[in-house]
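Model the following, please.
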Amino acid sequence: MAKDGFLPRLALVTLAGILLILVWRGVPLLELALRGPVEEPRAVLPRGDLAANEQTTIALFEGARDSVVSITTESRVVDFWTRNAHDVPRGSGSGFIWDAGGHVVTNNHVIEGATGALVRLADGRAYPARLVGTAPEHDLAVLRIDAGAEQPLPLAVGVSGDLRVGQSVFAIGNPFGLDWTLTTGIVSALDRELPGQRGAVIRGLIQTDAAINPGNSGGPLLDSAGRLIGVNTAIYSPSGSSAGIGFAVPVDTVNRVVPQLIATGRYAPPTLGVAHDPRGDALLARAGISGVMVLDVTPGSPADAAGLRPARMTRDGRLGLGDVIVSLDDAPLKGSEDLQAALDLRQAGETVRLGILRDSRRIEMTATLAAGT
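Model (predicted):
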């Protein structure tokens, strides 16, 4: 009797277990079925035409990309024991095609100390570069490659003298080895100064918030017309990465310096023909005078022709004050660096007005600048 009751109960339990399994396995399948076929992708929403500013940026990049190059440098190392020499990678940077002669502009600090450089174009071709000239005081250098008839076109050159804070700028370079990277921003400030190499101050720099990182150095800064307006040269960042403060050498400086580097291998601003020294500035400052002490005048120089008088030694062995240059074209001069910076902005053959302090009297004279040597 008990046995007869056990079998029906076992059958019910088994049936309940089977139903539970079917429900457990079937509910997810039913849910998937209700959701629709899983193999079908989502419908794509058409976006329409790109915005006008996006189309402009794309066209600017595509028009300038082929003129921008990647530069890798190497140094020759001699093994102390074997005396065998071999080249090792040293660093990398950016540059751009300057003219049809294969000249490439970059920063001086990109190639300084290197024994060789390789220039790689956007299409993957690479060429060994020859150093043409450097201008450390402006952190500029010129290389030359021979890319034959298929050399990329040079960048269009603009001007930097009429730049305004707030206008759009575009930087192209190779930050951290990420080749041909475009970053955008604005002109954040103008006429900035930074300590340069060998203690010199680089003046007149463009400040921008376009992201500039290690590897961007030497690459172009462009305006919204795709014209070169600067050469990216430095960043301000405690971490070494972009902090929204980058600097570029203005194109007006580049267009003045680079032709000289190509022609002579060095840059020499026009000269007045006077010897001056910061120590002379210090002597004047102690006397309460602001200007440039004329320590010597080169015979036959513009200063000699204008009649400038140098300092002299008195009979008792003291330094007798000669002329002090206090202004150039009505711009006051605080010292020797101001005079050098003012001359750097001018060209040989240009006539300048000099404000001179002579025997406690202010006089003016003119001088025609000569080519630097």
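
Look up the pLDDT of Glu31 for me, please.
Glu31 is assigned 60 on the pLDDT scale.

Also Gly93?
According to the prediction, Gly93 has pLDDT 90.

count of residues packed around it?
For Gly93, the neighbour count with other C-beta atoms under 10 Å is 25. To be clear about C-beta, it is placed using only N, CA and C from the backbone, and glycine gets the same treatment.

And for it, nearest residue in space, chain neighbours not counted?
Nearest residue to Gly93 in three dimensions, chain neighbours excluded: Val110, at 3.5 Å (C-beta to C-beta, 6 or more residues apart in numbering).

before we move on, what about Asp281?
Counting by C-beta to C-beta, 6+ apart, Gly335 is the residue found nearest to Asp281 once chain neighbours are left out, at 3.8 Å.

Might you report the residue contacts of the one you found?
When contacts are counted by C-beta atoms under 8 Å, 6 or more residues apart in numbering, Gly335 touches Pro278, Asp281, Leu284, Ser290, Gly291, Val292.

Take those and keep only those in strands.
Counted as lying in strands by DSSP state E, out of the contacts of Gly335, are Val292.

Make TSV from the contacts of Gly335 and add distance to His138 and pLDDT to it.
Formatted as TSV, the contacts of Gly335 follow (distance: C-beta to C-beta, whole Å; pLDDT from 0 to 100):
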residue	distance to His138	pLDDT
Pro278	20	84
Asp281	22	84
Leu284	27	86
Ser290	26	89
Gly291	25	90
Val292	21	92
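
closest to Gly116 among the contacts of Gly335?
Comparing those against Gly116 with C-beta to C-beta picks out Pro278 as the nearest, at 37.0 Å.

Any regions of this protein where pLDDT drops low?
1-13, 15-17, 19-38, 75-90, 196-199, 236-243, 317 (pLDDT under 70).

circling back to that earlier point, in the contacts of Gly335, which residue is surrounded by the most others?
Sorting the contacts of Gly335 by how many neighbours each has (other C-beta under 10 Å) puts Val292 first, at 30 neighbours.

The closest residue to Thr56 other than its chain neighbours in helix, strand or coil?
In space, Thr56 comes closest to Ser224 once its chain neighbours are excluded; the distance is 7.0 Å by C-beta to C-beta, 6+ apart. Using DSSP: H, G, I helix; E, B strand; the rest coil, the structure places Ser224 in coil.

Count the neighbours of Ser224 for me.
Neighbours around Ser224, by other C-beta under 10 Å: 15.
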